[in-house]
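> structural data only, the sequence is not supplied:
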Ligand code: PEP
Ligand code: MG
């Protein structure tokens, strides 16, 4: 049976003819580095010859318990002999040795996560050959000591500090400050010391192949053994802890494996005409079209990264007469690579005694701002199309751009972790109540509001705070939803914060730390991390480039197959958010949660409606509510003139508008303890009875949504009157074009919708007659319960549109409480691999299936209807794509700050369909 090919050659043969076997399309076979080395060799660029061992070989080795599979070592031996022939040199040759590098290279870039060994092939004999060839003993001994150091640490896990200590000691003895000032003799001495460190720290029990005649561990002299051990170590580094963590964080599969590139060494440390460097073909920080990077004369790759000496900017390379020729060649290669890859490239190179060698290239990572500028510039330069430009900017990057970030240069130590509820970074003094937040901000301080969980009463504090941190609640908790809506950073479910709001302190579990009001913390809401003290921030803003890119994204998303577009609306409850969302490109309001209009000084009014037993007090409260709601809608419809505004009837359980019964019970106890009797105490007790009477065991599954409208019909009567009369007045008196739509929440039974719709239409009819204007106000259903999805065809016969409340739908499809699950068990489920993603953040397959079924049932029975999604998933890039492609919805609606991200994600969805 023939063994599968697991080694691919790249670079030239001895006669200069290219013998490369791979190319850039073989990323998953050869890893990014191997595929691009092959591609560069094919382009005729100066690539040191070598070979790549495939990613699959790594997985085969790992899956068979770190055993080589049959035939693989033979292929590696053959490739090694072939490389020796091509180079005209042999590994370990005492006269003119070949040295090789052994580098990892996975299909996705995992910078610094896996291992590399350089200068492989040196031993006590071949170092003499290197001295003879280079006539540079210092260089040869330095290469040898580097090899022992790197090999011992990377391949056999010897503590790197042991070598660094020996190096420092040697510098002291020699009386020099820099490694580069050590003499050949010093370095030769170090080689002996390093070998002794090796002997003392490597166990022959674990590595019997390293035992010498005396039974001690000896540094391996045989290059074939060096090579095999180095390859094994690179394979093993695929599964090291940091690589596994990096993959988890970046959604890279553990099953891909890493390739290993064995390549002839070239030396940037062969004297003053040698150098090494890294460069980008454009500025990767801001996107400017300029060569960007650094080089270091007389150095090897790791010196650049270690920052031992100051590097020089790449723009200076040509200016140095020694490097003029290599610099010019490098610039022309920049051009070749950019036009070949049609993107910014990231390059590693070495100049060995004036000759340029290309060691690596890949499409360059860039900041969000650079990604946008480069995409636009490349369209203008005719390199890529607008579609490609839009496709190249990731929604995640865009999200970053729109919010402040921790300065990447800042050195941070994470104090606590929670859920990344609302992006952006915040720095401020801790306050524990909204009142304290308001007071502190009024006196010019910056605060972060730290709460167990927020409630509607906290709005004033949330509005002024730099950020919000809660120890409980998930990504659809009150704090998270409101913070995202306001564009305020938020981390929730920080369970190690044991908050005592009364004592104004927070204990950090697992530490002795107690933080008090006024102590400064910082947190990053995109990463869910909290840091003690003030971390410097970088701020971003909407730029002209971003506007251009989003305009292109709009062209794409609105021009779908069969004239079908993908629209983006906003969830906004007030004219300020509505205006902001318009500036971010929202087309309409997809969800106006009217309960947010009942807060602040209006809470008193709704409380008297809910709690009073006196009919006159209740109707006075309703009249007052009607007045303020009408004003609200007048300004909303004015701001959104000519655009749809979907207003949802009151949804939350009514107790959310009432005082906290626990606090009330405490004040009653205090009154009783102080011996107080009389009116106040009686009133407090009766209030507590009524609040308790409204309590439900499961309020989120209780008297809320459409059920409220059916049990308290005065509420929809009042709300619809406010909506309709605001629209009628604007139409008649101001000649405007208000376009309200009314949405009935939490419907599960068709007749719920039908009966409430009757009430709604009755009121609209009355208002039309009163104002003498014709109103066209569509009435839609919010689909957020599994039953509603199952009977969507029936409901559709009575509805003008469907909008999916995927927060409640996720809650009810899974039977997971949206207020508790994310803090309590979803992280454990993610850790155990029971769930791949948090379903309250990215739409789950089964929930999507529900949406998709309801859309097709609806379309069949009422083809004229439109379909949207207004749950939090409406702002999540992955979910947005799936809603459009897999569930056939027409729009998503999300909080204002997520609108640009949604526009871009919608365009990406459309591009995937083309
Ligand atoms: C939903 O359930 O998805 C929704 C948008 O409504 P709310 O979050 O207000 O319950
Ligand atoms: Mg809902």
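Looks like it arrived, so ask away. Nothing here was measured: the structure is a model prediction, and the numbers come from that model. Ligands and ions are numbered 1, 2, ... in the order given.

> longest helix of this protein?
Longest helix in the chain, counting residues (DSSP state H): helix 615-639.

> give me the buried positions along whichever helix or strand comes after that one.
Using DSSP states H and E, the helix or strand that follows helix 615-639 in sequence is strand 644-648. Neighbour-count burial for strand 644-648, counted by 16 or more other C-beta atoms under 10 Å, picks out 644, 645, 646, 647, 648. C-beta: built from backbone N, CA, C; applies to glycine.

> tell me the bridge partners for the first one.
The residues listed as beta-bridge partners of residue 644 by DSSP bridges are residue 739.

> tell me where the stretch 551-700 of the chain has helices.
With DSSP state H, counting those that start in this stretch as the definition, the stretch 551-700 of the chain shows helices at residue ranges 575-583, 603-611, 615-639, 661-673, 679-694.

> looking at the buried residues of strand 644-648, spot the one nearest ligand 2.
Ligand 2 has its nearest neighbour among the buried residues of strand 644-648 in residue 648, at 8.6 Å by C-beta to the ion.

> how about the residue lying closest to the closest one once chain neighbours are set aside, phi and psi?
Distances taken as C-beta to C-beta, 6 or more residues apart in numbering put residue 743 closest to residue 648, at 4.5 Å, once the chain neighbours are dropped. Main-chain torsions, residue 743, degrees, to the nearest 10: phi -120, psi 130.

> the nearest residue to residue 860 once chain neighbours are set aside and ligand 2: what is the separation?
Sequence neighbours aside, residue 793 is the residue nearest to residue 860 in space, at 6.2 Å (criterion: C-beta to C-beta, 6+ apart). When distance is defined by C-beta to the ion, to the nearest Å, residue 793 is 22 Å away from ligand 2.

> show me what the particular helix or strand that has residue 793 in it is in contact with.
Using DSSP H and E, the element containing residue 793 is helix 792-796. For helix 792-796, contacts defined as C-beta atoms under 8 Å, 6 or more residues apart in numbering pick out 747, 750, 753, 781, 783, 788, 802, 853-855, 857-858, 860-862, 865.

> next one: stretch 12-27
Identification of contacts with stretch 12-27 by C-beta under 8 Å, 6+ apart yields 8-11, 29-30, 34-36, 38-39, 41-42, 44, 49, 52, 85-88, 107, 341.

> and those residues near ligand 2, which?
Near ligand 2, judged by C-beta under 5 Å from the ion, there are no entries from the contacts of stretch 12-27.

> quick one: buried ones out of those?
So, by 16+ other C-beta under 10 Å, the buried ones in the contacts of stretch 12-27 are 8-11, 29-30, 34-36, 38-39, 41-42, 49, 52, 86-87, 107, 341.

> re the thing from before, out of the helices of the stretch 551-700 of the chain, the one nearest ligand 2 is which?
Across the helices of the stretch 551-700 of the chain, ligand 2 has its closest neighbour in helix 575-583 (18.3 Å, C-beta to the ion).

> what pLDDT does the residue nearest to residue 860 get?
If you check residue 793, the pLDDT there is 98.

> what's around it, how many residues?
17 (other C-beta atoms under 10 Å).

> swap in residue 718?
The criterion is other C-beta under 10 Å. On that basis, residue 718 has 24 neighbouring residues.

> doesn't it belong to a helix?
Yes - looking at residue 718 with DSSP: H, G, I helix; E, B strand; the rest coil, it is inside a helix.

> how far away is residue 832 from residue 883?
28 Å (C-beta to C-beta, to the nearest Å).

> and these two? Which one has more around it.
Taking other C-beta under 10 Å, residue 832 and residue 883 do not tie; residue 883 has more neighbours (31 against 9).

> residues contacting the more buried one?
Residue 883 touches 843, 848, 851, 869, 873, 874, 889, 892, 909, counting by C-beta under 8 Å, 6+ apart.

> nearest to residue 366, of those residues?
Residue 366 has its nearest neighbour among the contacts of residue 883 in residue 909, at 23.3 Å by C-beta to C-beta.

> pretty sure that closest one sits against residue 885.
Yes - checked against C-beta atoms under 8 Å, the pair residue 909 and residue 885 is within contact range at 5.7 Å.

> between the two, who's got more neighbours?
residue 909 (22 against 14).

> in which helix or strand does that one reside?
helix 899-913.

> any idea how far that helix is from the middle of the chain?
Mean-position distance between helix 899-913 and its chain equals 17 Å (C-alpha atoms, centre = their mean, to the nearest Å).

> and the chain, which residues reach ligand 2?
Near ligand 2, when you scan the chain using C-beta under 5 Å from the ion, you find 784, 805, 808.

> please enumerate residues in contact with the helix or strand that contains the last one?
Here residue 808, judged by DSSP H and E, is contained in helix 806-814. Outside helix 806-814, the residues that touch it by C-beta under 8 Å, 6+ apart are 476, 700-701, 746, 783-786, 789, 816-818, 821, 839-840, 843-844, 846-847, 850-851, 869-874, 879.

> just the ones in helices from the residues you listed, please.
Under the assignment DSSP H, the contacts of helix 806-814 contribute 786, 789, 821, 846, 847, 850, 851, 879 to helices.

> measure the fifth one to residue 824 for me?
So that's residue 847. Computed as C-beta to C-beta, the residue 847 to residue 824 distance reads 20 Å.

> between these two, which is the more surrounded one?
A side-by-side neighbour count of residue 847 and residue 824, using other C-beta under 10 Å, places residue 847 first with 25 against 15.

> report the contact partners of residue 869.
803, 804, 806, 851, 879, 883, 889, 891, 892, 893.

> pLDDT and distance to residue 509 for those - can I get that in TSV?
TSV is the format used below for these (pLDDT from 0 to 100; distance: C-beta to C-beta, whole Å):
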residue	pLDDT	distance to residue 509
803	98	41
804	98	38
806	98	33
851	98	39
879	97	33
883	97	39
889	97	43
891	98	44
892	98	38
893	98	38
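
> closest to ligand 1 among these?
residue 806 (4.9 Å; C-beta to the nearest ligand atom).

> which residue is the nearest non-sequential neighbour of that closest one?
Residue 806 sits nearest to residue 871 (C-beta to C-beta, 6+ apart), 3.0 Å away.

> is it true that the one you found touches residue 783?
No - checked against C-beta under 8 Å, the pair residue 871 and residue 783 is beyond contact range at 10.4 Å.

> mind listing the shared neighbours of those two?
Joint contacts of residue 871 and residue 783 (C-beta under 8 Å, 6+ apart) are 804, 805, 809.

> residues near the second one, how many?
Going back to what we said before, that points to residue 805. If you count neighbours by other C-beta under 10 Å, residue 805 ends up with 26.

> circling back: now render the residues of the chain next to ligand 2 as TSV, adding pLDDT.
Shown next, in TSV, are the residues of the chain next to ligand 2 (pLDDT from 0 to 100):
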residue	pLDDT
784	98
805	98
808	97
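
> which members of those residues additionally contact ligand 1?
When contact is defined as C-beta under 6 Å from any ligand atom, these meet ligand 1 at 784, 805, 808.

> between those residues, which is closest to residue 423?
Proximity of these to residue 423 (C-beta to C-beta) peaks at residue 805, which lies at 22.6 Å.

> and for the closest one, nearest residue in space, chain neighbours not counted?
Counting by C-beta to C-beta, 6+ apart, residue 805 lies nearest to residue 784, which is 3.2 Å off, once chain neighbours are set aside.

> now do the same contact list for the one you found.
If a contact means C-beta under 8 Å, 6+ apart, then residue 784 has 745, 746, 804, 805, 806, 807, 808, 809, 812, 871 as its contacts.

> having no further points to raise, I will conclude here.
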